[in-house]
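K.L.:
The following comprises the amino acid sequence and a computationally predicted model.
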Amino acid sequence: MDGLTFLKILKEHYPIPTIILSSVSRSGTSLAIEALDLGAFDFLVKHNGPGALDLLKNDLIEKVRSAATSPRSIRRKQLPAANHST
């Protein structure tokens, strides 16, 4: 299963803010847009080279804080829980 398929299933059952982490950049632009269309809150691109992990960490912290305080996220928290019966 690819990430977009997983995102689609996740959003159907758990309408929570989701941040996508991608290892592709320019070639993945259309994938990032599709992820946003499917309900991702935002996305990050993995960095390479010295300091990449610190940069990714800082970017991720910023995105999570933004998602946690976004009006979109607050509205989703008020939705009724998904039915998990099979």
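P.N.:
Here it is on my side, so go on.
K.L.:
Could you list the low-pLDDT ranges of this structure?
P.N.:
Applying pLDDT under 70 to the chain flags residues 24-28, 72-86.
K.L.:
ok, 90 please
P.N.:
Applying pLDDT under 90 to the chain flags the ranges 1-4, 12, 14-36, 39, 42-56, 58, 66-86.
K.L.:
Show me how far the lengthiest helix in the chain is from its chain's centre.
P.N.:
Using DSSP state H to define each element, the chain has its longest helix at helix 52-69. Distance, stretch centre to chain centre, for helix 52-69: 11 Å (CA atoms, centre = their mean, to the nearest Å).
K.L.:
Now do it: which elements does it pack against?
P.N.:
strand 19-22, strand 42-45 (3 or more CB pairs under 8 Å, 6 or more residues apart in numbering; DSSP states H and E). For every residue, glycine as well, the C-beta is placed using N, CA and C.
K.L.:
so can I have a markdown table of those showing mean neighbour count and distance to Met1?
P.N.:
Formatted as a markdown table, the helices and strands packed on helix 52-69 follow (neighbours: other CB atoms under 10 Å; distance: least, CB to CB, whole Å):
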| stretch | mean neighbour count | distance to Met1 |
| --- | --- | --- |
| strand 19-22 | 17 | 14 |
| strand 42-45 | 17 | 18 |
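K.L.:
Let's have the ones you listed in TSV, adding distance to Leu55.
P.N.:
Compiled in TSV, the helices and strands packed on helix 52-69 are given as follows (distance: least, CB to CB, whole Å):
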stretch	distance to Leu55
strand 19-22	13
strand 42-45	10
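K.L.:
closest to Asn58 out of those strands?
P.N.:
strand 42-45 (10.5 Å; CB to CB).
K.L.:
quick one: contacts of the closest one?
P.N.:
For strand 42-45, contacts defined as CB atoms under 8 Å, 6 or more residues apart in numbering pick out 19-25, 28, 32, 35-36, 56, 59-60, 63, 66-67.
K.L.:
Buried ones among those?
P.N.:
By neighbour count, with 16 or more other CB atoms under 10 Å, the contacts of strand 42-45 hold 19-20, 22, 28, 32, 35, 59, 63, 67 as buried.
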